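Undergrad: Everything below, folded, please.
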Amino acid sequence: MKIKPCSNSIIRAGFTLIELLVVITIIAVLAGLVTSQATKMMADGRKLQVQTVLKDLRIAISSYQVEYNRYPVNASLLSAASSGEDVPALQTDENSGIVGALTTLTSSASSGAGGGSGAVNLNPKNIKFIDLPIARNGKFGLVNAQPPYRLVDLWGSVYQVLIDSNGDLQVNNPDLGNSDPKISANVISPPPQKLPLEVAIYSWGQDLKPQTQDDVVSWRSK
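TA: Sure thing, here's the model as predicted:
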């Protein structure tokens, strides 16, 4: 019986060291891409959650305004505004009266910070304009169901609320002072001096700093 010699075309078993290194490199690159995409998706998801709250707050404030023909804000804060200018950004805490006025958890809000004998009921009809979740670990929801309370975002900061208190149907645009030039000095789409809105709401975002790139706002998608 004649035995044929081994052919050079026979496939070798196993991999060389170089081949293994190439495979490991490819896997590492793919893993990095997946991780970066997962991180971005998680960040986008958190932003979407906060934007949903901003939308709900705007709707609730508008509904309150229709019902009571006024904003859900302590009168003392409105009267403290400078002549002809809107009040500075209000926060979703006990002092502004916004949260208490929009819920039935407590509709008694002070006409001056800190409560006391000057307390007035901003929601005498006891209408629930918004459902707010209870915050977990002090984040994303209502911190305390009675005064002192705060409505906070995913990072534990209160929301900032701009209202058209001077009646010109617009509010100051925080984007003008944003530290990111892509927002504050965008050549293609520069931010307007005023936002043509009666109510605008925003969150300081994950960095907990005002007017930075990661602010989550109600008037733009990015």
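
Undergrad: Could I get the contacting residues of residue 104?
TA: Residues near residue 104 by C-beta atoms under 8 Å, 6 or more residues apart in numbering: 123, 126, 127, 128. Every C-beta, even on glycine, is put in place using the N, C-alpha and C of the backbone.

Undergrad: Most neighbours out of the residues you listed, which is it?
TA: The most crowded member of the contacts of residue 104, judged by other C-beta atoms under 10 Å, is residue 123 (22 neighbours).

Undergrad: does that one really touch residue 101, like I thought?
TA: Yes - the criterion here is C-beta atoms under 8 Å, and residue 123 meets it with residue 101 at 5.0 Å.

Undergrad: returning to that earlier point: columns secondary structure on top of the contacts of residue 104, output as JSON lines?
TA: Shown next, in JSON lines, are the contacts of residue 104 (DSSP: H, G, I helix; E, B strand; the rest coil):
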{"residue": "123", "secondary structure": "coil"}
{"residue": "126", "secondary structure": "coil"}
{"residue": "127", "secondary structure": "coil"}
{"residue": "128", "secondary structure": "coil"}
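
Undergrad: need these in CSV with distance to residue 39, can you?
TA: Shown next, in CSV, are the contacts of residue 104 (distance: C-beta to C-beta, whole Å):
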residue, distance to residue 39
123, 41
126, 44
127, 41
128, 37
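
Undergrad: Distance to residue 43 and pLDDT for these - can I get that in a markdown table?
TA: Listed next are those as a markdown table, based on distance: C-beta to C-beta, whole Å; pLDDT from 0 to 100:
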| residue | distance to residue 43 | pLDDT |
| --- | --- | --- |
| 123 | 36 | 93 |
| 126 | 39 | 93 |
| 127 | 36 | 94 |
| 128 | 32 | 94 |
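
Undergrad: Point out where this structure drops to low pLDDT.
TA: Within the chain, the stretches with pLDDT under 70 are 1-14, 36-38, 80-82, 105-119.

Undergrad: mind listing the helices for it?
TA: 17-68, 75-79, 98-102, 181-184 (DSSP state H).
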